[in-house]
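[1] take a look and give me a structure for this.
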Amino acid sequence: MSSPLDKPQIISHIQKSLNYTVFDSKWIPCSAKFVCLGNYARGTGVMQIYEVQQGEAQLIKEQEFPKPIKCGTFGATSLQQRHLATGDFGGNLNIWNLEVPGTPVFSVKAHKEIINSIDGVGGLGIGDGAPEIVTGSRDGTVKVWDTRQKDSPVANMEPGEGETKRDCWTVALGHAFNDQDRCVCAGYDNGDIKLFDLRNMSLRWETNIKNGVCCVEFDRKDINMNKLVATSLEGKFHVFDMRTQHPTKGFSSVSEKAHKSTIWQVKHLPQNRDIFMTTGGAGNLNLWKYEYPSQRSKTDSDDLAVGVAGSVTLLQNATLSTQPIASLDWSPDKKGLCVCSGFDQTVRVLIVTKLSQV
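    Below is the predicted model of the structure:
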């Protein structure tokens, strides 16, 4: 029997109180720095860059903007550039050189309303193909941008004629394992999950998990689709096995009631795609491991392949706050290092131990 000492531990290494609401926090790749994005009480946006030095988070840059910033990604830029793409409350997509963050290197009015979620691929050595960014908005549309093409999106997924406009809460890019293939997953306020195939410009699959979809993430962007985790408003998450798609049943999944409240985020460990963290509305974090079944597919009575879902095990949990933990980002460079932020206006650097042993 394994003792509790053998389990991973979630340690709060640095805790920093902020004077604004922070919506997103991201590690800057290949550095000991992270960036926080949010809004001041006066209604303006803020970006702060911190460097971890001798157990402290030192503020090294701060910039104020006209609109609050909701979300950010480094995923569509090279490791040399490390430009940050952000979505704001005014529907603007901006890309920043963090060395001189006053003026964006790319800017477009991407949506009519707030950009709730952003993701990127084709940079940082993650995913083949064009350096693309996907944005999801309250205006009901999901758009894909190639920053080499100014002003207009390369793909625009919007409600069809007569369809109800749904608030898109979350987007993720994946299936970018060659120059041609790429998929976008989007989650909506009514529980809809839609998978768009960008190569064929088609809706490949859709389902509904009955509660608002707060976050979706592929376990890896740069491989043939393997797994997708979707989290919901009422504390449940679903892990879909994306390797086998049945013509009518779609993808098989396993679901888990993980938190007593909303699961705001899911983030897979960059160094092990079968380990992921979920963040809860009651200020808690849960660390999970996915176990594959002995066979990932079987044939049904019509001789068609149907996927077989695996199982999930809770490795560890921790409560950091009484307020929701709204964002979390693993360091791409140091296994077990992550940064998270909550609505208690606090950013925390965490160390998760013993991840190589699970």
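
[2] alpha carbons only for contacts and neighbour counts from here, please
    Will do.

[3] neighbours of the residue lying closest to Asp300 once chain neighbours are set aside, how many?
    Take Asp300 and drop its neighbours on the chain: the residue closest to it by CA to CA, 6 or more residues apart in numbering is Val306, 6.6 Å away. Neighbour count for Val306, taken as other CA atoms under 10 Å: 21.

[4] what helices or strands is the host helix or strand of Val306 leaning on?
    According to DSSP states H and E, Val306 maps onto strand 305-307. Applying 3 or more CA pairs under 8 Å, 6 or more residues apart in numbering; DSSP states H and E, we find strand 305-307 packed against strand 297-299.

[5] from the chain's centre, how far out does the strand it packs on sit?
    The chain centroid and the centroid of strand 297-299 are separated by 30 Å under CA atoms, centre = their mean, to the nearest Å.

[6] on that earlier part again, list the contacts of the residue nearest to Asp300.
    Applying CA atoms under 8 Å, 6 or more residues apart in numbering to Val306 gives the contacts 244-246, 249, 251-252, 297-300.

[7] tell me the bridge partners for it.
    Lys298 (DSSP bridges).

[8] can you list the strands that the helix or strand immediately after the strand holding Val306 in the chain pairs with?
    Downstream of strand 305-307, the next assigned helix or strand under DSSP H and E is strand 311-319. Looking at strand 311-319 with DSSP bridges, its partner strands are strand 284-291 (antiparallel).

[9] mind listing the strands for the stretch 101-250 of the chain?
    106-109, 115-121, 132-137, 142-146, 155-157, 168-174, 183-188, 192-197, 202-208, 213-218, 227-232, 236-241 (DSSP state E, counting those that start in this stretch).

[10] can I get those in CSV with mean pLDDT?
    Formatted as CSV, these follow (pLDDT from 0 to 100):
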stretch, mean pLDDT
strand 106-109, 94
strand 115-121, 97
strand 132-137, 97
strand 142-146, 96
strand 155-157, 94
strand 168-174, 98
strand 183-188, 98
strand 192-197, 97
strand 202-208, 96
strand 213-218, 98
strand 227-232, 97
strand 236-241, 97
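
[11] now these as TSV including distance to Asp329 and mean neighbour count?
    Shown next, in TSV, are those (distance: least, CA to CA, whole Å; neighbours: other CA atoms under 10 Å):
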stretch	distance to Asp329	mean neighbour count
strand 106-109	24	16
strand 115-121	13	27
strand 132-137	18	28
strand 142-146	22	23
strand 155-157	27	15
strand 168-174	14	27
strand 183-188	19	26
strand 192-197	23	20
strand 202-208	27	15
strand 213-218	12	26
strand 227-232	15	24
strand 236-241	18	23
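
[12] which one of the ones you listed lies closest to Gln53?
    Nearest of the strands of the stretch 101-250 of the chain to Gln53, taken as CA to CA: strand 115-121 at 28.6 Å.

[13] give the partner strands of the closest one in its sheet and their orientations.
    strand 132-137 (antiparallel).

[14] between the partner strand and strand 183-188, how big is the angle?
    Between strand 132-137 and strand 183-188, the angle formed by their directions is 10 degrees, by axes from the mean of the first three to the mean of the last three CA atoms, to 10 degrees.

[15] output strand 132-137 as CSV - backbone C-alpha positions only.
    In CSV, the C-alpha atoms belonging to strand 132-137 read as follows (Å, rounded to 0.1, in the frame of the first residue of the first chain):
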residue,chain,number,x,y,z
GLU,A,132,-3.0,30.5,-35.7
ILE,A,133,-5.0,32.0,-32.8
VAL,A,134,-8.6,31.1,-32.0
THR,A,135,-11.0,33.4,-30.2
GLY,A,136,-14.4,32.7,-28.6
SER,A,137,-16.8,35.5,-27.7
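
[16] please renumber so the chain begins at 895
    Renumbered: residue one is now 895, and that last one reads strand 1026-1031.

[17] isn't there a strand covering Ser1188?
    No: under the criterion used here (DSSP: H, G, I helix; E, B strand; the rest coil), Ser1188 is coil, not part of a strand.

[18] tell me how far it lies from Leu1198.
    For Ser1188, the distance to Leu1198 (CA to CA, to the nearest Å) stands at 19 Å.

[19] neighbour-wise, which of the two wins?
    A side-by-side neighbour count of Ser1188 and Leu1198, using other CA under 10 Å, places Leu1198 first with 13 against 8.

[20] and the more buried one, how far from Met1136?
    In terms of CA to CA, Leu1198 sits 16 Å off from Met1136.

[21] those helices in the stretch 895-1044 of the chain, which residues are they?
    Here the stretch 895-1044 of the chain has no helices by DSSP state H, counting those that start in this stretch.

[22] sketch out the low-pLDDT regions of it for me.
    Within the stretch 895-1044 of the chain, the ranges that satisfy pLDDT under 70 run 895-899.
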